[in-house]
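Participant: Fold the following for me, if possible:
(2 chains)
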2 protein chains.
Amino acid sequence: MNARPRLVVVGGDAAGMSAASQARRRMGPEDLEIVALERGSHTSYSACGIPYLVGKTVPSPEDLIARTPAVFWRDHAIEARTGTEVTAIDTERREVTATGPGGAYTERYDRLVIATGARPYRPDLPGFDAYGVFGVQTLDDGTEVSAFLERHAPHRAVVVGGGYIGLEMAEAFLTRGLEVTVVDSGPEPMGTLDPDMGALVRGAMEEMGVAVRTGERATAVAVDGGRVRAVHTDAGGEYPADIVCLGLGVRPDDRLARDAGLEIGPTGGVKVDARMRTSVPDVWAAGDCVEVFHRVSRAPAAIALGTHANKQGRVAGIDIGGGYARFEGVVGTAVTKICAVEVARTGLNEAEAEAAGFAYETVVMTSDSRAGYYPGAQPMRLKLIAERDTGRLLGGQIVGRENAAKRIDVLATALWNGMDVLDMSGMDLGYAPPFSPVWDPVLIAARKLAERVHG
Amino acid sequence: MNARPRLVVVGGDAAGMSAASQARRRMGPEDLEIVALERGSHTSYSACGIPYLVGKTVPSPEDLIARTPAVFWRDHAIEARTGTEVTAIDTERREVTATGPGGAYTERYDRLVIATGARPYRPDLPGFDAYGVFGVQTLDDGTEVSAFLERHAPHRAVVVGGGYIGLEMAEAFLTRGLEVTVVDSGPEPMGTLDPDMGALVRGAMEEMGVAVRTGERATAVAVDGGRVRAVHTDAGGEYPADIVCLGLGVRPDDRLARDAGLEIGPTGGVKVDARMRTSVPDVWAAGDCVEVFHRVSRAPAAIALGTHANKQGRVAGIDIGGGYARFEGVVGTAVTKICAVEVARTGLNEAEAEAAGFAYETVVMTSDSRAGYYPGAQPMRLKLIAERDTGRLLGGQIVGRENAAKRIDVLATALWNGMDVLDMSGMDLGYAPPFSPVWDPVLIAARKLAERVHG
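Facilitator: Numbering: from 1, shown residues only, chains lettered A, B, ... in the order given. Take a look at the predicted model:
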């Protein structure tokens, strides 16, 4: 039995378990032993669903768990050990050191997948480790926030960071009836949008009753009697809080990989090729811990997102199982919403285009989501960025209401294909009054931008 | 004054008026006289909105009129004469013969745009010209149907033809509280979908209480006492009707162009190049009366759709005004809905792929419109067709509920770029639980089809 090659997977969430399943699809239990080691108490859950759990839009943590370890073990002969933290990887000896419920031990591997995910940025500042200050990275975090809400019935929430998680947690707290303040150090919330588009998000948030404090950096959480009381900022702000939620972004969790001597890229993510192979033979990496090719900037990018993690894990698993697959990069697409307001972006924003060395032109326009005369038509704001001279699309941003956000997929597909805005302006997109004006907003924006680029 | 070159536009709807406006944008009234001749009583209205007018989703005919002749005349110095039918074009003498409110006259032109649109197919069968049998091609048709509904309060409607207009009129009659029967000669309604997808539309229609009679061709409308009573079919069906609506499709209205000696293509549409120039110098054509290049079949296609008409008119107008623009073809995208059920298609269906000489593979799958755990997730059915061996996408079809139809735009964009399904399966589409499962339905379908094509 021990002669079977053994695949060890470090991290049992989207990327790790996708890799394990794909490897298993190609190699049966008689040809490959698979052991997945997961620090937390769950495998393969939807981390992106946590804000909706806190907001009670999704009733139970179980709803977010796609697969339980027991089922995995039984159906796929994958040994998934939860509560087991890998503390070191030795690529010379081909073994990992892990601490599980029964203590520390080593586990040899023939092939290894590193899927350690991302760790949230948690500043080393007074009070940030107090009871009542939460991150929302893991499902355990989510259930802790929910338990806190039930137990203490807080009235005022301060969300530190106005990005995706910040927005989604602001919605969750609003839904639970709390007063919400969002503090962000940038000029506007949603810093992956340009400020002119982020300002629309701010306006919508304020209309919902969220207090938005931008240009201020949180410096301390005031704690009194074991309970958080307020968030202080470098602008002298003091925002009363019964609960504080951190949404300051994440970085690749490269600690194990770095200590093991794997090559780490400039973004801090593990360096991999398109088959998700690392710099060390027989070691793959996938998910939020890696950096990948950004097809627009042509530079490495570390983007923590479940959909990428799933794809990358699948590619790694196929490669491990003897198949052929490639992860062909990202274009930086992301969508979210806060209550009825939908937000989407893809490609490069102005600052990113600048940083990547592009000269560019932009267009911003407002259009209806349906024919103007059709009931329920809602204005949406659309921004496009194209390379000067060539007109090649570099990025797009959308802020709107129902049916707005997923229109970003047209722009993502255009970016994927390196389209220019003139070509885009002729595309044959679906038209009927309930779905779009006769000129789809994407076509109008592309046409206006083409006129600007080409005169 | 008469030394100014004169542009005459035959047909004052989307294509004609877009051409006129674009020409005017580039040439002022001192350089170009523009006369638009429109048979009906309105210019530039949304014909696609007529079913929603009948269903009272849109309250008034005025809502559908984008521009009135008076406003045009005033603001753009375009003389738009409604109630004026062009009866002949003489390309030798460069003049058109028209019959207006004041009688017949000739009008010379230096440049001519033919934008005569499409005419609905109206079979020459007993009773089809009776009072109570309606087409829904023009706004006047729409107001007539509405007036009939008010005056006679019919209980039972029979819709002959189960395509886009048929579906939309069925919805309109349902909304108005009528019992509705749809008769279609094909195996399933929505003949531009494959029958397996059309069957889903049938199921949804039947759930709404619509009687769907397929495989039957209407042969007569029974009339009694000046009122329609029933529709008879070749299968012996007799469907009681107080009102009958025809949705049998349209064909390019090429009569004037054909009589004038312009080259007509195999589809019956006026032949034009990418700048919308016809076979005769100084004569352009645009809108539902032309045939255009289908980028997937590589063959000419005549597709009556407002969005194409607008684009084509714009191209013609730019060319007339001395600018440069091209209409780069279509991929056959169309979307519609009947009540809550959304339907979309693009590219070639199986029969069309076969006819175009493609060997192909297909995949059909059901996926959720949102993350499965997110409230409101609705199943949607997605079908993809790809060329055998290469995997190049040939077409796609969607039947679903909210947020389903416009996902066709991703497929339309992929078709526009000639993508293969393997490349598509890696695309970076927007993911967040309220908007999509972690694997977007398009990605899953593309992946499955890639596996089928490439093994």
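
Participant: Could you use CA atoms for every contact and neighbour count after this?
Facilitator: Noted.

Participant: Okay, now the unreliable bits of chain A?
Facilitator: With pLDDT under 70 as the threshold, chain A has low-confidence stretches at A:1-2, A:67-72.

Participant: In this structure A:Ala15 contacts A:Gly313, no?
Facilitator: Yes. The pair A:Ala15 / A:Gly313 is scored as a contact, 4.1 Å apart, by C-alpha atoms under 8 Å.

Participant: what do the two both touch?
Facilitator: Counting by C-alpha atoms under 8 Å, 6 or more residues apart in numbering or on different chains, the residues touching both A:Ala15 and A:Gly313 are A:286-287.

Participant: how about the residue nearest to the spatial centre of chain A, phi and psi?
Facilitator: Nearest to the mean C-alpha position of chain A, by C-alpha atoms, centre = their mean, lies A:Leu305 at 3.2 Å. Here is the backbone geometry of A:Leu305 (degrees, to the nearest 10): phi -160, psi 130.

Participant: Look up how far A:Ala88 lies from A:Arg119.
Facilitator: 17 Å (C-alpha to C-alpha, to the nearest Å).

Participant: re the thing from before, find the nearest non-adjacent residue to the residue nearest to the centre of chain A, please.
Facilitator: Excluding the flanking residues, the one nearest A:Leu305 by C-alpha to C-alpha, 6 or more residues apart in numbering or on different chains is A:Asp288, at 6.8 Å.

Participant: For the residue lying closest to A:His294 once chain neighbours are set aside, grab the count of nearby residues.
Facilitator: Nearest non-adjacent residue to A:His294, counting by C-alpha to C-alpha, 6+ apart: A:Val330, 5.0 Å away. Look at A:Val330: counted by other C-alpha atoms under 10 Å in any protein chain shown, it has 26 neighbours.

Participant: same check, this time on A:Thr413
Facilitator: The burial count for A:Thr413: 25, using other C-alpha under 10 Å.

Participant: got the contact list for it?
Facilitator: When the contact criterion is C-alpha under 8 Å, 6+ apart, the partners of A:Thr413 are B:410, B:413-414, B:427-429.

Participant: go on, A:Pro29?
Facilitator: Listed by C-alpha under 8 Å, 6+ apart, the contact set of A:Pro29 reads A:Ala77.

Participant: Give me the nearest residue to A:Gly323, chain neighbours excluded.
Facilitator: A:Arg26 (7.7 Å).

Participant: was I right about the one you found contacting A:Ile318?
Facilitator: Yes. Counting by C-alpha under 8 Å, A:Arg26 touches A:Ile318, with 7.3 Å between them.

Participant: Have a look at these two and say which one is more surrounded.
Facilitator: Taking other C-alpha under 10 Å, A:Arg26 and A:Ile318 do not tie; A:Ile318 has more neighbours (25 against 17).

Participant: Need phi/psi at that one.
Facilitator: A:Ile318 adopts backbone torsions of phi -60, psi -40, taken as degrees, to the nearest 10.

Participant: From A:Ser369, how far out is it?
Facilitator: A:Ile318 is 41 Å from A:Ser369, by C-alpha to C-alpha.

Participant: Just give me the neighbour total for A:Ser126.
Facilitator: No, residue A:126 isn't Ser; it's Pro. Using other C-alpha under 10 Å, A:Pro126 has 12 other residues around it.

Participant: which residues touch it?
Facilitator: So A:Pro126 contacts A:219-222 (C-alpha under 8 Å, 6+ apart).

Participant: next one: A:Met424
Facilitator: By C-alpha under 8 Å, 6+ apart, A:Met424 lies in contact with A:414, A:443, A:446-447.

Participant: quick revisit: just the buried ones from the contacts of A:Thr413?
Facilitator: Using 16 or more other C-alpha atoms under 10 Å in any protein chain shown as the burial test, these include B:410, B:413-414, B:427-429 as buried.

Participant: from these, which is closest to A:Leu174?
Facilitator: Checking these against A:Leu174 by C-alpha to C-alpha gives B:Leu429 as the nearest, at 28.2 Å.

Participant: so who does the closest one touch?
Facilitator: By C-alpha under 8 Å, 6+ apart, the neighbours of B:Leu429 are A:333-334, A:408-409, A:412-413, B:440.

Participant: cutoff 6 Å now
Facilitator: Shown in contact with B:Leu429 (C-alpha atoms under 6 Å, 6 or more residues apart in numbering or on different chains): A:Asp409.

Participant: Could you report the separation of it from B:Lys311?
Facilitator: Distance from B:Leu429 to B:Lys311, by C-alpha to C-alpha: 27 Å.

Participant: who in the stretch 251-400 of chain A is up against chain B?
Facilitator: A:307, A:330, A:333-335, A:373 (C-alpha under 6 Å from any C-alpha of the partner chain).

Participant: Report the two of those residues separated the most.
Facilitator: Using C-alpha to C-alpha, those span at most 37.5 Å, a distance reached by A:Val330 and A:Tyr373.

Participant: what's around the residue nearest to A:Leu305, how many residues?
Facilitator: 29.

Participant: Let me know the helix or strand that it is in.
Facilitator: Using DSSP states H and E, A:Asp288 maps to neither a helix nor a strand.

Participant: you'd agree it is up against A:Ala115?
Facilitator: No. Under the criterion of C-alpha atoms under 6 Å, A:Asp288 lies out of contact with A:Ala115, with a separation of 7.5 Å.

Participant: can you pull the buried residues of stretch A:14-32?
Facilitator: Using 16+ other C-alpha under 10 Å as the test for burial, stretch A:14-32 gives A:14-24, A:26-27, A:32.

Participant: how's chain A carved up into domains?
Facilitator: Domain assignment for chain A by automatic domain parsing gives A:6-44+A:60-116+A:252-320, A:122-248, A:342-454.

Participant: For the ones you listed, please prepare TSV with the additional fields distance to B:Leu382.
Facilitator: Shown next, in TSV, are those (distance: least, C-alpha to C-alpha, whole Å):
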stretch	distance to B:Leu382
domain A:6-44+A:60-116+A:252-320	20
domain A:122-248	29
domain A:342-454	16
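
Participant: which residue ranges form the strands in the stretch 351-455 of chain A?
Facilitator: Remark: strands assigned in the stretch 351-455 of chain A by DSSP state E, counting those that start in this stretch are A:360-368, A:379-387, A:393-400.

Participant: Which of these sits closest to B:Gly100?
Facilitator: strand A:360-368 (37.0 Å).

Participant: related to what we said a few turns ago, just say which of the strands of the stretch 351-455 of chain A is most tucked in.
Facilitator: Among the strands of the stretch 351-455 of chain A, strand A:393-400 has the highest mean neighbour count (mean count of other C-alpha atoms under 10 Å in any protein chain shown), at a mean of 29.

Participant: Give the partner strands of it in its sheet and their orientations.
Facilitator: strand A:341-347 (antiparallel), strand A:379-387 (antiparallel) (DSSP bridges).

Participant: picking up where we left off before, between the strands of the stretch 351-455 of chain A, which one is nearest to A:Ala172?
Facilitator: Per C-alpha to C-alpha, nearest to A:Ala172 of the strands of the stretch 351-455 of chain A: strand A:393-400, 19.4 Å.

Participant: what's in contact with that closest one?
Facilitator: Contacts of strand A:393-400 (C-alpha under 6 Å, 6+ apart): A:341-348, A:380-386, A:420-421.

Participant: Return the angle between stretch directions for that strand and strand A:360-368.
Facilitator: 30 degrees (axes from the mean of the first three to the mean of the last three C-alpha atoms, to 10 degrees).
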